[in-house]
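# Predicted model follows, preceded by the sequence.
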Amino acid sequence: MARVRTRHNPLVAVAIALTVAAAAAAVWGGWSWYGAAHDASASYAQTRDDALAAGEQAVQNMNTLDHRKLQQGLDNWEDSTTGELHKQLVDGRSGFEKQIQEARTASTAKVLSGAVTELDERAGRASVMVALRITVTAPKSGPAVKESRMLGQLTRTSEGWKLSALGQAPVGNTAG
């Protein structure tokens with residue numbers, strides 16, 4: 001019996017090697033993409049960013065109120081809050097209305113910067129610090145501008161992050 005000699009084409013071998021390499025790269029790329037998309041740190045970062053955006057907007061809302069658009073401004077206050085802070089605003093609404101109508105002031109706030117200082121995803125709580133530039137205009141005077149730092153506590157609700165506490169941040173050296 002005679003043996004048949006076959007010639008190996010080097011181009012076929014190279015094509016097979018390249019196909020195997022491309023398949024391996026595709027598998028590795030898919031696995032890496034899946035891992036990055038389902039990484040817990042990416043989820044945490046998104047939660048932090050959501051809390052910061054909501055916190056900045058809520059603090060801005062709470063420092064913006066115009067006597068000419070009073071109902072809208074107070075509605076924004078209530079829509080931005082939850083818990084005890086929300087209850088205080090709802091219960092005190094008529095008093096706020098009277099004070100602002102008598103003073104005839106308009107205040108606007110602009111967020112300069114903000115940061116999440118604490119985040120507990122499981123408990124649905126976050127803390128933010130927000131720096132603002134607040135402009136207050138009274139009827140018989142020009143605008144008064146001041147910069148302020150506010151500390152806010154946020155609570156995650158079914159509607160998203162809402163402000164549950166708000167206060168002024170200490171300024172300067174507080175060491176005794």
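In hand now; what should we look at? Residues are numbered from 1 along each chain as shown.
# Where do the strands of this protein begin and end?
65-66, 106-120, 125-137, 144-157, 160-168 (DSSP state E).
# What residues of the longest helix along the chain count as buried?
Taking DSSP state H as the criterion, the chain has its longest helix at helix 10-37. When neighbours are counted by 16 or more other CB atoms under 10 Å, no buried residue of helix 10-37 is found. C-betas here are computed from N, CA, C, even on glycine.
# so how far is that helix off the chain centroid?
39 Å (CA atoms, centre = their mean, to the nearest Å).
# Equivalent analysis for stretch 85-92, please.
Taking CA atoms, centre = their mean, one finds the center of stretch 85-92 at 24 Å from the center of the full chain.
# Flag the shaky bits of the protein, pLDDT-wise.
Residues of the chain that meet the criterion pLDDT under 70 lie in 1-7, 36-40, 173-176.
# Could you rerun that using 90?
1-18, 20-43, 139-142, 170-176 (pLDDT under 90).
# Which residues are in contact with Ser141?
The contact partners of Ser141, taken as CB atoms under 8 Å, 6 or more residues apart in numbering, number zero.
# can you check Val111 too?
Glu56, Val59, Gln60, Val130, Ala131, Leu132.
# go on, Ser113?
Val130, Ala131.
# now it, which residues is it bridged with?
Ala131 (DSSP bridges).
# State the distance from it to Leu52.
For Ser113, the distance to Leu52 equals 10 Å [CB to CB, to the nearest Å].
# And the residue nearest to Lys110 when sequence neighbours are not counted, how close does it get to Gly152?
Excluding its sequence neighbours, the residue lying closest to Lys110 (CB to CB, 6 or more residues apart in numbering) is Arg133, at 4.8 Å. Taking CB to CB as the criterion, Arg133 is separated from Gly152 by 17 Å.
# neighbour count winner among these two?
A side-by-side neighbour count of Arg133 and Gly152, using other CB atoms under 10 Å, places Gly152 first with 28 against 14.
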